[in-house]
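# When you get a sec, could you give me coordinates for this:
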Amino acid sequence: MGKVFEQKCPSCGAPLQFDPERGKLVCRNCGSIQDIPEDSDKVEEVSLDGLDFTALTEQATDEAAQALPVYNCVSCGAEVIAPAEQIATTCPYCGNNIVLTDKVTGKLRPDALIPFHIDAKQLPDALQKFYKGKALLPKNFFSESSLSKVTGVYVPFWVFGGRLDGMLRFQGTTSSTSRQGDYLVTHTRHYQLRRNVDLSFRNVPVDASGRIADDLMDSLEPFDISDARPFDMRYLAGFTADRFDQAKGDMAERAKSRMIASAECAAKSTLYGYSGVYRTGGSLRAQLHAQYMLLPVYLFSILYGGKSYDFAVNGQTGKVVGTLPVSRSVSMRYFLLRMAAASAAVAAVFVAKYMMGA
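Next comes the predicted model:
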């Protein structure tokens, strides 16, 4: 049997839950409030060179293949089965909050987490703000759509920092136009450009859960990493939490790609006076380090027209991301209006040129 950690109210013995608004543990039964002591210890950064992610994920896979982990709820004695990647859950029989301690020890223990700041009851207001201005929504969307169960999840992330150095090559172009008789001639000149790069990066988050779409998690940024706290199991009370299941190489390459894209934009911003600039080559070396962190996310779906649309909310900032249905009739009407406006603009330019020629 696996080991569990439970949050119990010292006054009445009911389960405690972390309240994002108060930043404390709250008993929903008797109203008792418990502080979570602030830990002044510095959150140490973990070097990738000293941690074998591949070995850890392979070990987890082997363990899961042998037997699905089973835990005993201390409150009611029921057996609770948890997936290999889950580190916090709720007993389906008595509702007690359970942290699976054997999955957050040693190298599997997160370095830090960002607590939830947004309460689930604030999500309807956040959704209404998200819907505002979405002109292509079907007219009956608000009356016929429904919200699925909302799950507050601490999603595993690797938060990278490091340094890029090297050289990038670009090609820049300039164009000029002159009249030669009845013709307008465009002259284009090409320039070979170089920029040396030496940049430092901090707090680049990359989600480490294969169960959640990467683009959905990327869209939730930014997270304020300065608000991170040293890992404490008490923050997990009342929420679900997952353990990382992505290998070292994949995560490091994603972080490096994002850093290189930022470096390319920074280098381009120093190239003035060109009508066009695009990268042609060069190479950058990366020295990376990372922290294993849990970041707060609400996950749910909007059900409409027999389809499910996935949504996520940043549990720290309240930012909402997701895909909404589009009304075909409204979309076609907007398309026709844009086409009419474009045609009118072209006709105006043609008439102006004709009048100047006359």
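# secondary structure class for the residue nearest the centre of the chain?
For the chain, the residue nearest the mean C-alpha position is M217 (2.4 Å; C-alpha atoms, centre = their mean). Under DSSP: H, G, I helix; E, B strand; the rest coil, M217 falls in the helix class.
# Show me what the residue nearest to G322 when sequence neighbours are not counted bridges to in the sheet.
Using C-beta to C-beta, 6 or more residues apart in numbering and skipping the chain neighbours, the partner closest in space to G322 is F311 (3.4 Å). Using the backbone N, CA and C atoms, a C-beta is placed for each residue, glycine as well. Assessed by DSSP bridges, F311 has beta-bridge partners F300, G322.
# for the stretch 251-358 of the chain, which spans come out with low pLDDT?
327-358 (pLDDT under 70).
# mind listing the strands for it?
For the stretch 251-358 of the chain, applying DSSP state E, counting those that start in this stretch gives strands covering 276-304, 307-314, 320-322.
# And the strands in the stretch 1-150 of the chain?
Applying DSSP E, counting those that start in this stretch to the stretch 1-150 of the chain gives strands spanning 4-6, 16-19, 24-27, 33-34, 46-47, 70-72, 79-81, 86-90, 97-100, 112-113, 146-147.
# how about the helices of the stretch 101-250 of the chain, start to end?
123-131, 141-144, 214-219, 248-268 (DSSP state H, counting those that start in this stretch).
# What ranges in the stretch 101-250 of the chain fall below the confidence cut-off?
In the stretch 101-250 of the chain (pLDDT under 70), the answer is 247-248.
# at 80 instead, please
101-108, 133-147, 247-249 (pLDDT under 80).
# one step back: and the gap between the closest residue to the residue nearest to the centre of the chain other than its chain neighbours and L294?
Excluding the flanking residues, the one nearest M217 by C-beta to C-beta, 6+ apart is D207, at 4.0 Å. Note on D207: its distance to L294, by C-beta to C-beta, to the nearest Å, is 11 Å.
# residues bridging contact with those two, i.e. touching both?
Residues touching both D207 and L294 (C-beta atoms under 8 Å, 6 or more residues apart in numbering) are V155, P156, F157.
# and the first one, how many residues sit next to it?
Around V155 there are 24 other residues, counting by other C-beta atoms under 10 Å.
# doesn't V297 make contact with it?
Yes. Using C-beta atoms under 8 Å, V155 is in contact with V297, at 4.9 Å.
# who touches both of these two?
With C-beta under 8 Å, 6+ apart as the test, V155 and V297 both reach I212, M217.
# Okay, domains of the chain per the record?
Segmentation of the chain into domains, based on automatic domain parsing, reads 4-159+202-252+290-326, 327-358.
# Next, the buried residues of stretch 295-303.
L295, P296, V297, Y298, L299, F300, S301, I302 (16 or more other C-beta atoms under 10 Å).
# Kindly report the same for stretch 122-138.
L123, A126, L127, F130, L137, P138.
# Make a markdown table from the residues you listed and add distance to G31 to it.
A markdown table is the format used below for those (distance: C-beta to C-beta, whole Å):
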| residue | distance to G31 |
| --- | --- |
| L123 | 23 |
| A126 | 26 |
| L127 | 29 |
| F130 | 33 |
| L137 | 41 |
| P138 | 43 |
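# For N203, state which of the residues you listed is nearest.
A126 (23.8 Å; C-beta to C-beta).
# and the closest one, how far is that from L294?
21 Å.
# what's the answer for D198, then?
32 Å.
# Mind checking which of the two has more residues around it?
L294 (29 against 10).
# For that one, which residues are in contact?
Contacts of L294 (C-beta under 8 Å, 6+ apart): P110, A112, L113, I114, Y154, V155, P156, F157, F231, A241.
# Compare those residues and tell me which has the most neighbours.
Neighbours here mean other C-beta under 10 Å. Within the contacts of L294, the largest count is held by F157, at 28 neighbours.
# Bridge partners for it, pull those for me.
D207, M293.
# And F18, by the same measure?
Bridge pairing for F18 - DSSP bridges - gives L25.
# Would you confirm that it contacts R234?
Yes. Using C-beta under 8 Å as the test, F18 is close enough to R234 to be in contact (6.9 Å).
# which residues do those two both contact?
L25, I36.
# The two: which has the busier surroundings?
F18 (23 against 18).
# Check whether C12 really touches R28, as I assumed.
No. Counting by C-beta under 8 Å, R28 is not a contact partner of C12; they are 10.3 Å apart.
# Contact partners for F201?
F160, G161, G162, R163, L164, M259, S262.
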